[in-house]
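*Asks:* Next one to model:
(one chain, ligands or ions: 2)
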Amino acid sequence: MKAVVVHKPRDVRIEEVPDPRVGPKDVLISVRACGICGTDIHIIDGEFPPTQYPIIIGHEFGGEVIGIGEEVIDVEIGQRVGVDPTLNCGECYFCQRGQGNLCERWNAVGVGSHPGGFAECVAVPERCVYALPDTVDYKGAALIEPVSCVVHGFHLLQPRVGDRYAIYGAGPMGLQNALLARFNGARTVAIIDINPRRLDIARELGFDVVGTSLDEVRHVATRGFDNVIEATGRTKVAELAIEAVISRGTFLQSGVCPPGEKAAFDMFRIYNQEIRIIGSMAVLNSYGPALDVIAAGAIDVDKMVTHTLPLDRFDEAVDFVRRGEGLKIQVAPSA
Ligand SMILES: [Zn+2]
Ligand SMILES: [Zn+2]
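*Replies:* Ligands and ions are numbered 1, 2, ... in the order given. Got it, this is the predicted structure:
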């Protein structure tokens, strides 16, 4: 079969590889849509320490079941499915406490050491596989994983109906955060980004409080925002974003900042105004709920996915992401 193999950092090849081996508890999937994530770019650039090279990347995908191992119970050939890429060990200190996203032997399909979805086929354990309802197409299926990261963030954030939100970053993750905020009964969602084309997409999604800085949106929350979500992964943006939080409000770090970078906050303000600072990492029991919110229409799939390219044009698809062109870019390996 054909697959995208990252042999080592900066060495990406679209090449013929052996078909996946299907273990007794595995499901073989013909991949119909696989999204490109910022993490994929980090893996290509050698900036994601958990990755073991060479690897077939791709962790945001859906497809059709074309084979099952002899011990598979609930999945059938011909089913349309999405895949939770999480492969936590289930045995370590954090897994025993129900915090598998913090697993000490962390692994994920297409990210750690397990082959991923930028391939014609992929074999994954049955426990990762979720049947799609008819209302969710393959484009939507490949959005479940990024949305599940947002859902995990909201599980930690514990927002209330009527909250005011400020979202920093109008890329795919920022806008998915904004859409989920709206779905959670937000009173106001303000979106801040310096890319005017992305603010246009935010407006198309129905968000009219948008701006290039806090000053341009502050009028909708003069005392500050209950929930401020950083979705750019820039440490300097996090420093600015914390200024937007209301007393007793929460700052959520959703973007992936470069490891080792330090942010400077006014710690007196954190103390004096009782500001909560939290982080959220990847997926934790949130893939099923993300599938449900997509099926419920919370995420405008056709607006989120702006480009779909064949596997052969993977390099081009990566360039779209690097240039910040469009929004979510997907690849259709066996369309
Ligand atoms: Zn991702
Ligand atoms: Zn573990």
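*Asks:* Around ligand 2, pick out the residues from the stretch 101-250 of the chain.
*Replies:* residue 103 (CB under 5 Å from the ion). Just so you know, the C-beta spots here come from the backbone N, C-alpha and C atoms, and that holds for glycine as well.
*Asks:* The same query, at a cut-off of 6 Å, please.
*Replies:* 103, 104, 105 (CB under 6 Å from the ion).
*Asks:* count of neighbours near the residue in the chain positioned nearest to ligand 1?
*Replies:* Of all residues in the chain, residue 37 sits closest to ligand 1, at 3.0 Å by CB to the ion. By other CB atoms under 10 Å, 24 other residues sit near residue 37.
*Asks:* Ok, residue 241 next?
*Replies:* 27.
*Asks:* Name all residues that make contact with it.
*Replies:* The contact partners of residue 241, taken as CB atoms under 8 Å, 6 or more residues apart in numbering, are 166, 168, 214, 228, 230, 251.
*Asks:* With adjacent residues omitted, what lies nearest to the first one?
*Replies:* It refers to residue 166. Distances taken as CB to CB, 6 or more residues apart in numbering place residue 225 nearest to residue 166, at 4.1 Å, with adjacent residues excluded.
*Asks:* from the contacts of residue 241, which ones fall inside strands?
*Replies:* Per DSSP state E, strands hold the following members of those: 166, 168, 228, 230, 251.
*Asks:* Including distance to ligand 1, pLDDT and neighbour count, could those go into a markdown table?
*Replies:* Converted to a markdown table, the ones in strands among the contacts of residue 241 look like this (distance: CB to the ion, whole Å; pLDDT from 0 to 100; neighbours: other CB atoms under 10 Å):
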| residue | distance to ligand 1 | pLDDT | neighbour count |
| --- | --- | --- | --- |
| 166 | 23 | 98 | 32 |
| 168 | 19 | 98 | 25 |
| 228 | 22 | 98 | 30 |
| 230 | 17 | 98 | 28 |
| 251 | 22 | 98 | 24 |
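*Asks:* so which of those would you say is closest to residue 218?
*Replies:* residue 166 (9.0 Å; CB to CB).
*Asks:* Beta-bridge partners for that closest one, please?
*Replies:* residue 190, residue 228 (DSSP bridges).
*Asks:* Okay, helices next: where are they in the stretch 101-250 of the chain?
*Replies:* Secondary structure of the stretch 101-250 of the chain by DSSP state H, counting those that start in this stretch: the helices cover 138-157, 172-183, 196-204, 214-217, 235-241.
*Asks:* Just send those helices back as a markdown table, with mean pLDDT and distance to ligand 1 too.
*Replies:* Converted to a markdown table, the helices of the stretch 101-250 of the chain look like this (pLDDT from 0 to 100; distance: least, CB to the ion, whole Å):
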| stretch | mean pLDDT | distance to ligand 1 |
| --- | --- | --- |
| helix 138-157 | 98 | 5 |
| helix 172-183 | 97 | 9 |
| helix 196-204 | 94 | 18 |
| helix 214-217 | 98 | 27 |
| helix 235-241 | 97 | 19 |
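*Asks:* Nearest to residue 87 among these would be which one?
*Replies:* The nearest among the helices of the stretch 101-250 of the chain, by CB to CB, is helix 138-157 at 13.0 Å.
*Asks:* Next, the angle from the closest one to helix 172-183.
*Replies:* 70 degrees (axes from the mean of the first three to the mean of the last three CA atoms, to 10 degrees).
*Asks:* what comes up buried for helix 138-157?
*Replies:* For helix 138-157, burial by neighbour count (16 or more other CB atoms under 10 Å) applies to 138-154, 157.
*Asks:* Just the terminal-to-terminal distance for stretch 274-290.
*Replies:* Taking CA to CA, to the nearest Å, stretch 274-290 runs 31 Å from one end to the other.
*Asks:* Which residues are in contact with the residue nearest in space to the middle of the chain?
*Replies:* Central residue of the chain (CA atoms, centre = their mean): residue 146, 2.3 Å from the mean position. For residue 146, the contact set (CB under 8 Å, 6+ apart) comprises 35, 37, 60, 172, 173, 176, 328.
*Asks:* With respect to residue 199, which of those is nearest?
*Replies:* Closest to residue 199, out of all of the contacts of residue 146 and judged by CB to CB, is residue 172, at 14.3 Å.
*Asks:* wait, isn't that closest one in contact with residue 304?
*Replies:* Yes. Using CB atoms under 8 Å, residue 172 is in contact with residue 304, at 6.5 Å.
*Asks:* which residues do those two both contact?
*Replies:* 327, 328.
*Asks:* of those two, who's got more company?
*Replies:* The neighbour comparison of residue 172 against residue 304 (other CB under 10 Å) goes to residue 172, with 28 against 24.
*Asks:* any idea how far that one is from residue 150?
*Replies:* Applying CB to CB, to the nearest Å, the value for residue 172 to residue 150 is 10 Å.
*Asks:* if we can go back for a sec, now rank the residues of the stretch 101-250 of the chain next to ligand 2 by neighbours and give me the top one.
*Replies:* Of those, with other CB under 10 Å as the count, residue 103 tops at 19 neighbours.
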